[in-house]
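Undergrad: After the sequence you'll find the predicted model.
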Amino acid sequence: MLNIVIFGPPGSGKGTQSENLIKEYKLAHISTGDLLRKEISTNTQLGALAKSHMDKGELVPDNVIIDMIDSYLDKNFGKIEGVIFDGFPRTVAQAEALKNLLVEYKTKVNVTLNLEVPNEELMARMIERGKTSGRSDDNPETIKARLDVYEKQTKPVLDFYKKEGVVANIKGVGSIEGIFADIKKAVDAAK
Ligand code: B4P
């Protein structure tokens, strides 16, 4: 199996580059952000809970997210050749839970792609995206909160994966194709 974590601050291009990864490697794609937005758009109880956090730029509670991943793996394992984890894990507790879940399936994270993008660029991208995305979290105030949450709660996940020896740093500024070429090199080296 080939399991990839695509990691980086909000707006760093995780979703964008995941689309390229899916085409290239025929892997399953799980975006916790997309799953949560689907719950919101279908007005579920989980969606209402998620929205109350996402609109403030906060993370959705770990137990909710871990349950989503657990049930996804439970339903799909055996049918897939690997997974792209996009926007997950976002806390050290989530990273530990993922490690334990993958051990159950006798597999592991092969590579964590760390997309590096300066904050000014992130802010500009998300403000631009907000003009057309309709995402209620793509406004300057919430973006600031999300960047702050990233620094405090999500960045430590990188140290977790550094200890595991699976981090590949990728410069996330430039053309989407150019960035993907670097990603491909890192993934091929980890296979
Ligand atoms: P996500 O849906 O994961 O969204 P994101 O971090 O904002 O975006 P991403 O990095 O995928 O950026 P994209 O490619 O779209 O999370 C949203 C929220 O959900 C979180 O704030 C949190 O509340 C909640 N959540 C999700 N997962 C969670 C978890 N595990 N635990 C707890 N809470 C969770 O790119 C952004 C923009 O940049 C796009 O418009 C794109 O076109 C543009 N772009 C991309 N690459 C570019 C490039 N090279 N140059 C110029 N522009 C580029």
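TA: Yes, it's here.
Undergrad: which stretches of the chain form helices?
TA: Along the chain, counting by DSSP state H, helices occupy 14-25, 32-41, 45-54, 62-76, 92-104, 119-133, 140-149, 156-164, 176-190.
Undergrad: can I get these in CSV with mean neighbour count?
TA: Heads up, the C-betas are built off the backbone N, CA and C, glycines and all. What follows is the helices of the chain, written out as CSV (neighbours: other C-beta atoms under 10 Å):
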stretch, mean neighbour count
helix 14-25, 17
helix 32-41, 17
helix 45-54, 16
helix 62-76, 16
helix 92-104, 17
helix 119-133, 14
helix 140-149, 16
helix 156-164, 15
helix 176-190, 15
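Undergrad: For the ligand, which of the ones you listed is the nearest?
TA: Closest of the helices of the chain to the ligand is helix 32-41, at 1.8 Å (criterion: C-beta to the nearest ligand atom).
Undergrad: any chance of the helices of the chain in JSON lines, plus mean pLDDT and distance to the ligand?
TA: Output for those, formatted as JSON lines (pLDDT from 0 to 100; distance: least, C-beta to the nearest ligand atom, whole Å):
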{"stretch": "helix 14-25", "mean pLDDT": "96", "distance to the ligand": "3"}
{"stretch": "helix 32-41", "mean pLDDT": "96", "distance to the ligand": "2"}
{"stretch": "helix 45-54", "mean pLDDT": "97", "distance to the ligand": "4"}
{"stretch": "helix 62-76", "mean pLDDT": "96", "distance to the ligand": "4"}
{"stretch": "helix 92-104", "mean pLDDT": "97", "distance to the ligand": "6"}
{"stretch": "helix 119-133", "mean pLDDT": "96", "distance to the ligand": "3"}
{"stretch": "helix 140-149", "mean pLDDT": "97", "distance to the ligand": "5"}
{"stretch": "helix 156-164", "mean pLDDT": "98", "distance to the ligand": "10"}
{"stretch": "helix 176-190", "mean pLDDT": "98", "distance to the ligand": "5"}
